[in-house]
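>>> fold the following, please.
(one chain, ligands or ions: 1)
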Amino acid sequence: MKRSRWDTDPSPPKPPPSAPKSRWDTQVPSSKSPPASRSSSPVPPPSSAPSAPYKRPQPLTLGCHSVENYERLSHIDEGTYGIVWKARSLKTNSLVALKQLKFPESESQAVGFPVAALREISVLQDLSHPHILSTHEMVIGSTSSKVFMVMNLMSCDVKVAIERLPEVMSQGEAKSVMWQLVSAVEYMHGKFYLHRDLKTSNVLVSRDTGKVSICDFGLARKYEIPLKSYTQMVITLWYRCPELLLGETLYGPEVDMWSLGCMFAEILNLEVLFQGQGEVDQLNRIFKLLGVPNGGNWEGFEKLPHANTFSFKGPKGSKLREAFPSNSFSGKTYLNDGGFDLLSRMLSKDPKKRISAGDAAKHHYFTEAPKMTEVRWVFDDEK
Ligand SMILES: Nc1ncnc2c1ncn2[C@@H]1O[C@H](COP(=O)(O)OP(=O)(O)OP(=O)(O)O)[C@@H](O)[C@H]1O
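Numbering: from 1, shown residues only. Predicted coordinates:
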C-alpha cells in the first residue's frame, strides 16, 4: 500500500521550530462518558517491561493518506465517538464528510484505538450497499491519534428530515424509504452482521439523490447460527425489542427487525412509536399497544429472566390497527392491508414469529399499489 508522507520515517527530518499548524489540527474533546452500551476500553497496551525484545505493533493507520488532501469547509455535527466535518477533496474536488474519531484520554498514546471505531471501520469495510453509508478511505492527521473516516456527504438524518416534513408522507413515499431500509438490512443480515442500533437518527438522507443510508455501525457485530449469547445492553431504548428488555441474551437478526418496525411506524406517523421513560415504562407502552404477553401468545415468554418480575397491564389482543387505520377519514395515518401486515409482523412480540429481513424484502406490500415514489424531503435551506 502507498505510504503517506505522514507515516513515521526511520530518521524523520526535524520540523521547523514553529511549523505552520495544519488546517486539521483541531483539538477534539475526548469521549469522557460514552453510553454504557458501548465498549470504549482501549486495546490493552503491551507490558511496560517485556522480557523479550518488544516489537511495536504496526499502527492501524499505517499507509493511510493524509487529511491534508482535503480542505475543511465546515463543522456538521458531533456524536459520542466522532466529530463530523464537511470537506472537499483537493484531488477530485468532490464534497465529502470526514468523521474525526475521538480517542478517549487513556487511548491517545498511539497504541490503543477506540473499540467502537475499530468495530465500525471493520464492519463498513466488509459492507457495500447503496443504502449503507460507505467509507471511501481512512486518512490521518498530524499524529496517529488524529484519524478520520472519509464518507459520502449526506444532508441530515431521517429523524430531523421527518420533523421538517409539512405533512405525513404519502404511502408511496413511506414505502420507498422502508424498501431502502429493508433491502440494506437484508443485505447486512445476509452477511451475518447485526446493526444493534437501528433508529431514525442513524439513517442519513442524501440531498443529491433523496435516498437514505444506514450509518453508525459502532455497535454492530457478527452473529452465528446457532445463536450465541451477547450483551443485552444494545439498541437505544425506544427501538429496543421486548425480549432484550426482559433480559434475553441469546439473540440474532430479529432484534434489528423490531427496530425496523418502530422506524416504519415513526415514518408513517412522524413520531416515535414507544417513547418509554425507562425499561419498565418502555415494556408497558409496548404491551399496552400490542397486548399483554403470556406463554400462549409468546412461546417461552415465562422463561425470560425478567418475565415474572413485573405484572404488565394492557389489553389481551393487539390495538395496533387502531393506531394505523386502513382509511384516511380518521385523521390518522392511512395504511393499507399489505403495509399493516408487514408492520405487525415486524412488531411481533414473540421474536420467533417476527418477520425476517429476507421475507420482508419479498413482502407483497413492496410490489402492490400504491407504487413507491420519491420522498419530497425539505432540506434546511429550503425551509
Ligand atoms: N456522512 C455524513 N454526512 C453528513 N452528516 C453526517 C455524516 N455522518 C454523520 N453525520 C452527522 O454527524 C452525526 C454524528 O455522526 P455519527 O452518528 O456517525 O457519530 P457517533 O459518534 O457514532 O454518534 P452517536 O453519538 O450517535 O453514537 C450524525 O448524527 C449526523 O448528523
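>>> what's the burial count for residue 302?
11 (other C-beta atoms under 10 Å). C-beta here means a position set from N, CA and C on the backbone, and glycine is covered the same way.
>>> I meant to write residue 324 there.
Counted with other C-beta under 10 Å, residue 324 comes out at 20.
>>> report pLDDT for it.
For residue 324, the model assigns a pLDDT of 92.
>>> just checking, it touches residue 337?
No - in this structure, residue 324 is not within contact of residue 337 by C-beta atoms under 8 Å, at 10.9 Å.
>>> I'd like to know which elements the helix or strand harbouring residue 265 is packed against.
Here residue 265, judged by DSSP states H and E, is contained in helix 254-269. Packed against helix 254-269 by the contact rule (3 or more C-beta pairs under 8 Å, 6 or more residues apart in numbering; DSSP states H and E) you find helix 158-164, helix 171-190, helix 242-245, helix 337-346, helix 357-361.
>>> which residues does the residue of the chain found nearest the ligand contact?
As assessed by C-beta to the nearest ligand atom, the ligand sits closest to residue 79 within the chain, at 2.1 Å. Taking C-beta atoms under 8 Å, 6 or more residues apart in numbering, we find residue 79 in contact with residue 216.
>>> the helix-or-strand element of the chain with minimal mean pLDDT near the ligand at all?
Within the chain, confidence by mean pLDDT, DSSP states H and E is lowest for helix 115-126 among all helices and strands, at a mean of 86. No - counting by C-beta under 6 Å from any ligand atom, the ligand has no neighbours in helix 115-126; the shortest distance is 7.0 Å.
>>> taking helix 171-190 as reference, get the angle to that helix.
100 degrees (axes from the mean of the first three to the mean of the last three C-alpha atoms, to 10 degrees).
>>> for the helix or strand just after helix 115-126, buried residues please.
Under the assignment DSSP H and E, the closest C-terminal helix or strand after helix 115-126 is strand 135-140. Using 16 or more other C-beta atoms under 10 Å as the test for burial, strand 135-140 gives 135, 138, 139, 140.
>>> stretch 88-98 too?
96, 97, 98.
>>> surely residue 231 touches residue 249?
Yes - counting by C-beta under 8 Å, residue 231 does reach residue 249; the two are 7.1 Å apart.
>>> ok so, going back, which pair of the buried residues of strand 135-140 spans the longest distance?
In those, the most distant members under the criterion C-beta to C-beta are 135 and 140, with 14.1 Å between them.
>>> where in the chain is pLDDT low?
Along the chain, the parts satisfying pLDDT under 70 run over 1-23, 25-62, 105-112, 328-333, 381-383.
>>> so which bits of it are right by the ligand?
76-77, 79-82, 84, 97, 99, 133, 151-154, 157, 201, 204, 215-216, 218.
>>> contacts only, for the residue nearest to residue 348 when sequence neighbours are not counted.
Once flanking residues are discounted, residue 348 sits nearest to residue 354: 4.3 Å by C-beta to C-beta, 6 or more residues apart in numbering. Listed by C-beta under 8 Å, 6+ apart, the contact partners of residue 354 are 254, 257, 258, 345, 346, 347, 348.
>>> ok, the fifth one - how many residues close by?
When neighbours are counted by other C-beta under 10 Å, residue 346 registers 25.
>>> for stretch 241-250, output the C-alpha coordinates as PDB.
Output in PDB follows, covering the C-alpha atoms of stretch 241-250 (Å, rounded to 0.1, in the frame of the first residue of the first chain):
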ATOM      1  CA  CYS A 241     -37.400  -5.200  21.400                       C
ATOM      2  CA  PRO A 242     -39.300  -6.600  24.300                       C
ATOM      3  CA  GLU A 243     -37.100  -9.800  24.700                       C
ATOM      4  CA  LEU A 244     -34.000  -7.700  25.200                       C
ATOM      5  CA  LEU A 245     -35.900  -5.500  27.800                       C
ATOM      6  CA  LEU A 246     -36.900  -8.800  29.500                       C
ATOM      7  CA  GLY A 247     -33.200  -9.800  29.800                       C
ATOM      8  CA  GLU A 248     -32.800 -12.200  26.800                       C
ATOM      9  CA  THR A 249     -29.100 -12.500  25.800                       C
ATOM     10  CA  LEU A 250     -29.500 -15.200  23.100                       C
END
